[in-house]
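*Asks:* The following comprises the amino acid sequence and a computationally predicted model.
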Amino acid sequence: MRMPTRRQAVVTASLHAGAGAECIAWDASSCSIISGGASGDISVLDLRTLAVIGRLPRAHIGRIACMALDPGARALATGGQDGAVKLWSFPSLRPAGGIEKVHPSKSFLGHKLSTGVMLTEGVTGIAFGEDALYSTGADGRVVALERQW
């Protein structure tokens, strides 16, 4: 299935109150966009009706940096600024597992001899493999999480 065809050049929807969207995933079977927000929430938008059909506040502490939908569209994986990799059943968005601090966040706010702010923020990428869920992080590591769902 392909993205819906409309005569409109742009379709907009406000999915994350007070904060922006950080990442998206596409579900062809339901013709939906899943969006991860800067405040750690998840929203699901049906592109046929432009209605929000799912919402999960506070899925992560801080922003959701990345997400991936498994090939069967049964599980959604999210990676956050909090360093956690989490699994959600899809489309219900019920918790299905996860691991905290897979890629720990670190920050440096300043020093007497230097100014500036440097942040390394948790999970930076996520992808489903045939038998594992893979994540990358600001810590420079690639982690394979055994598939148990």
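*Replies:* Okay, I see it.
*Asks:* Reduced to three states, what does residue 68 come out as?
*Replies:* strand (DSSP: H, G, I helix; E, B strand; the rest coil).
*Asks:* Which pLDDT does the model give it?
*Replies:* Turning to residue 68, the model gives it a pLDDT of 97.
*Asks:* which residues touch it?
*Replies:* Neighbour list for residue 68: 25, 76-77, 126-128 [criterion: Cβ atoms under 8 Å, 6 or more residues apart in numbering]. (Each C-beta comes from the backbone N, C-alpha and C, glycine too.)
*Asks:* can you tell me the average pLDDT over stretch 141-149?
*Replies:* On average, the pLDDT along stretch 141-149 is 83.
*Asks:* To clarify, my last question referred to stretch 92-100.
*Replies:* Averaging pLDDT along stretch 92-100 yields 93.
*Asks:* Next, the buried residues of it.
*Replies:* Residues of stretch 92-100 classed as buried: 93, 96, 98 (neighbour count, 16 or more other Cβ atoms under 10 Å).
*Asks:* Also stretch 65-78?
*Replies:* Within stretch 65-78, the residues scored as buried using 16+ other Cβ under 10 Å are 65-70, 73, 75-78.
*Asks:* distance between the ends of that stretch?
*Replies:* End-to-end distance for stretch 65-78, by Cα to Cα, to the nearest Å: 8 Å.
*Asks:* Same question for stretch 83-96.
*Replies:* 17 Å.
*Asks:* That stretch: how far from the chain's middle?
*Replies:* Put simply, stretch 83-96 sits 10 Å off its chain's centre (Cα atoms, centre = their mean, to the nearest Å).
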